[in-house]
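*Asks:* pasting the sequence and the predicted model now:
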Protein chains: 2
Amino acid sequence: MELVGTTRQRLITATNESFRHRGYHGTSVQAVVEAAEATVGSLYHFFPGGKSELAEATVQETGAAYGDLFSVFLAETASAEEAVRAFFHGAADALVESDFIDLCPIGTVAREVASEDERLRTAAADVFGQWVDKLVAPLVAVGIDAETARDRATAVICLLEGAFVLARTSRDAGVLRTTGSFAAAMIAEAVREASARRV
Amino acid sequence: MELVGTTRQRLITATNESFRHRGYHGTSVQAVVEAAEATVGSLYHFFPGGKSELAEATVQETGAAYGDLFSVFLAETASAEEAVRAFFHGAADALVESDFIDLCPIGTVAREVASEDERLRTAAADVFGQWVDKLVAPLVAVGIDAETARDRATAVICLLEGAFVLARTSRDAGVLRTTGSFAAAMIAEAVREASARRV
């Protein structure tokens, strides 16, 4: 793990790394503090609510970073379809390079705690909502109606989350490439239908 | 939780219930033993490997039960398309009825432990593989080629797993209904393409 940034940033990075390997309940405050080369005192200074508050910030900041990454793919490709395909393929490469650690600890943490930690559940739900919004915007921009855009974008995020689970579990990144093609096709079809209606 | 069956069955049921609320690392052997009205001695009698072996059996048996449930849907509907749609809608109802506890603890447990417990990772991967196989069979039976059938079936399971995550996190079962329609459409399209090739 790269140890850079302020103490607060190092705590977030160490928490995220631990979540990627063993989830929320498998992460101890002590191990995070050691990995971040910080102190328990500094952790409670930045996160007075302790582990739950640290996890909330980690989910929010990791979620925003993924959202920004998708914006980069959108800016560098010709269409939402291409951006989606490239994103899934990039995720497949990242999964192999990282030896199949969890690409989306947000999904894991959300599933572990959704029944018991309302603040953390809400933080994760907000992140998924932001990702859907990120994909809705370019779809609406090319003339897809808002409801269709939202349904397709939600399905694409579900495909991505599901593919993270199956690919990590089976140690087969091909799942991400195959589902990426379906996700891109799902977007392309909505674009075609929207332009056919305009003709 | 219903307390029925042999001690071994009660241990599996209690483990599954705990996984559904708080995942693998959030589950303690002591809490499982108490919920199952069993003893630590009986747990190690049936599962000499302790928590990991108990979890492996729970993943295998829960996974097989879900697979059997899908077979019931297949038997009671006219086509794989209808079975898939009905399965997602049934899952949406079950999620609401259970107050949004985790419908697929297998996915959660797999993500928590895949980097550290090879036996448990393999058990989860086998379950996902069995589910894909369950859906591949009726697709091949209506003339879809094996590779297409496998890719579509995998995408459907990814949609289901991803929808479990988003629906539980957002407390919105509608995600399962919407993605169920996409999953059914994905199957219907493959069926249409296969029959068009035969004409």
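*Replies:* Thanks, I have the structure now.

*Asks:* test my guess that residue A:5 contacts residue A:11.
*Replies:* No - between residue A:5 and residue A:11 there is no contact under C-beta atoms under 8 Å: 9.6 Å. Yep, even glycine has a C-beta here, placed from its N, CA and C like the rest.

*Asks:* low pLDDT regions in chain A?
*Replies:* Chain A contains residues with pLDDT under 70 at A:1-4.

*Asks:* quick one, helices of chain A?
*Replies:* A:7-22, A:29-35, A:40-46, A:51-76, A:80-97, A:105-113, A:118-141, A:146-170, A:174-198 (DSSP state H).

*Asks:* residue A:5 and residue A:11 - which one has more neighbours?
*Replies:* residue A:11 (25 against 12; other C-beta atoms under 10 Å in any protein chain shown).

*Asks:* excluding chain neighbours, what is closest to that one?
*Replies:* Spatially, and ignoring its direct neighbours in sequence, residue A:11 is nearest to residue A:36 (4.7 Å; C-beta to C-beta, 6 or more residues apart in numbering or on different chains).

*Asks:* can you give me the distance of the residue sitting furthest away from the middle of chain A to residue B:132?
*Replies:* Here chain A reaches farthest from its C-alpha mean at residue A:199, the gap being 36.8 Å by C-alpha atoms, centre = their mean. Here the criterion is C-beta to C-beta, to the nearest Å. By it, residue A:199 lies 39 Å from residue B:132.

*Asks:* counting neighbours, what do you get for residue A:116?
*Replies:* Using other C-beta under 10 Å: residue A:116 sits among 12 other residues.

*Asks:* residue A:26 too?
*Replies:* By the criterion of other C-beta under 10 Å, residue A:26 has 20 neighbours.

*Asks:* that one contacts residue B:25, correct?
*Replies:* Yes - using C-beta under 8 Å, residue A:26 is in contact with residue B:25, at 3.7 Å.

*Asks:* overlap in contacts of these two?
*Replies:* Taking C-beta atoms under 8 Å, 6 or more residues apart in numbering or on different chains as the contact rule, residue A:26 and residue B:25 both touch residue B:112.

*Asks:* distance of residue A:87 relative to residue A:163?
*Replies:* Distance from residue A:87 to residue A:163, counting by C-beta to C-beta: 11 Å.

*Asks:* okay, those two: which has more neighbours?
*Replies:* It is residue A:163, of residue A:87 and residue A:163, that has more neighbours when counted by other C-beta under 10 Å, with 33 against 24.

*Asks:* so that one makes contact with residue A:95?
*Replies:* No - applying C-beta under 8 Å, one finds residue A:163 not in contact with residue A:95, separated by 9.4 Å.

*Asks:* spit out the residues that contact the two alike.
*Replies:* Here residue A:163 and residue A:95 share the contacting residues residue A:176, scored by C-beta under 8 Å, 6+ apart.

*Asks:* just to revisit the earlier point, what's the local residue count around the residue nearest to residue A:11?
*Replies:* For residue A:36, the count of nearby residues is 24 (other C-beta under 10 Å).

*Asks:* and the helices of chain A, which is most packed in?
*Replies:* Comparing the helices of chain A by mean neighbour count (mean count of other C-beta atoms under 10 Å in any protein chain shown), helix A:105-113 comes out on top with a mean of 30.

*Asks:* ok now that helix, how far from the chain's centre?
*Replies:* Counting by C-alpha atoms, centre = their mean, to the nearest Å, helix A:105-113 is centred 11 Å from the centre of its parent chain.

*Asks:* try stretch A:60-70
*Replies:* Distance of stretch A:60-70 from the chain centroid (C-alpha atoms, centre = their mean) equals 7 Å.

*Asks:* list phi and psi for the residue nearest to residue A:197 when sequence neighbours are not counted.
*Replies:* In this structure, residue A:197 finds its nearest non-sequential neighbour in residue A:143, 8.0 Å apart by C-beta to C-beta, 6+ apart. Note on residue A:143: its backbone torsions stand at phi 100, psi 10 [degrees, to the nearest 10].

*Asks:* surely residue A:143 touches residue A:194?
*Replies:* Yes - between residue A:143 and residue A:194 there is a contact at 4.4 Å, judged by C-beta under 8 Å.

*Asks:* and the gap between residue A:123 and chain B?
*Replies:* The gap separating residue A:123 from chain B is 10 Å, by C-beta to the nearest C-beta, to the nearest Å.

*Asks:* ok, now which ones touch that residue?
*Replies:* Contact analysis of residue A:123 by C-beta under 8 Å, 6+ apart lists A:56, A:59, A:60, A:63.

*Asks:* tell me who's in contact with the first one.
*Replies:* To tie it back to what came earlier, the one meant is residue A:56. Taking C-beta under 8 Å, 6+ apart, we find residue A:56 in contact with A:49, A:119, A:120, A:123.
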